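Colleague: Based on what follows, work out the 3D shape:
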Amino acid sequence: MPGPSDDAGVPTSPGADRRGRDEPHEGRARRAWRERREWRPAVLGAVVAGAVVLLAVLCLLVRHDEVTGWEPELVEAAVEVPDVVGRALWLVMQLGRRLFVPLVALTLLLATRRRDGTVAVVVAGILTGVGTDRWKAWAGRDRPEGVPTREDIDGFGFPSGHTATAFALATVIASLAPARWRPVPFVVAALVGLGRITSGVHYPLDVVGGALWGVATGAATLAVLRALSDRR
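Modeller: The predicted model follows:
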């Protein structure tokens, strides 16, 4: 008795048909990962571990240290950029403010219709802000002195909060974007960090520390949410 066949008339086995029915859960999940090329929780976890270790080492290096050498010189040179460049970077720099996190989340929801991305932006933004305050208190590093600034600000400088928020959001947004567009959010985040230096309110290592913390919190948020999604 002939077995079942597909639309092209090629015979198929009952076992293959049964595998197709049994596959949906795991098979569709794998297919979704491949099609979106999103970062898996294990990869994100490795990124978090690496970023946190580097940040801790950097924090120990700068903790309560008197800033000397190349950093003050670089800040002095950076604040002398042409005013048109400085103002443009100052505008981009505003994207690193914490109050922009809900706006970015709403924009992402409207653009992608993905609630997981919106939740990730909000959670990453909150974790970044809370963690940045703790890192600043622990490191106790002063901000640049004796240079013109484009804004009045006080408190400790390491790590840069604007840069941390920008990189946290960039990590989440890049994970949802097509592969060819993924560098764009990180370029914008890097400009936020550069703006903090040209504004005279952060040293370069403050910005590097902020970038590491932002990537860590963004990746950690994605890893947890995706692990929970896989379990469901």
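Colleague: From here on, just use CA atoms for contacts and neighbour counts.
Modeller: Fine.
Colleague: which secondary structure elements does the longest helix along the chain contact?
Modeller: The residue-count maximum for a helix in the chain (DSSP state H) belongs to helix 204-231. Here helix 204-231 touches helix 41-62, helix 70-78, helix 115-139, helix 161-176, helix 183-198, going by 3 or more CA pairs under 8 Å, 6 or more residues apart in numbering; DSSP states H and E.
Colleague: what's the model's confidence in that helix, averaged?
Modeller: Helix 204-231 carries an average pLDDT of 89.
Colleague: so where's the protein uncertain?
Modeller: Low-confidence segments of the chain (pLDDT under 70): 1-38, 66, 68, 230-232.
Colleague: distance between the ends of stretch 65-84?
Modeller: Taking CA to CA, to the nearest Å as the measure, stretch 65-84 stretches 34 Å from start to finish.
Colleague: how about Phe157, phi and psi?
Modeller: Quick fix: residue 157 is Gly, not Phe. The phi/psi pair for Gly157 (degrees, to the nearest 10) reads phi -110, psi -20.
Colleague: List the residues that contact it.
Modeller: 136, 140-143, 201-203, 206 (CA atoms under 8 Å, 6 or more residues apart in numbering).
Colleague: Of those residues, just say which sits nearest to Ala220.
Modeller: Lys136 (20.1 Å; CA to CA).
Colleague: Distance of the closest residue to Pro183 other than its chain neighbours relative to Phe167?
Modeller: Nearest non-adjacent residue to Pro183, counting by CA to CA, 6 or more residues apart in numbering: Ala174, 7.2 Å away. Using CA to CA, Ala174 is found at 10 Å from Phe167.
Colleague: which residues do those two both contact?
Modeller: Phe186.
Colleague: of the two, who's got more company?
Modeller: Per other CA atoms under 10 Å, whichever of Ala174 and Phe167 has more neighbours is Phe167, with 33 against 19.
Colleague: ok, now which ones touch the more buried one?
Modeller: The contact partners of Phe167, by CA under 8 Å, 6+ apart, come to 186, 189-190, 210-212, 214-215, 218.
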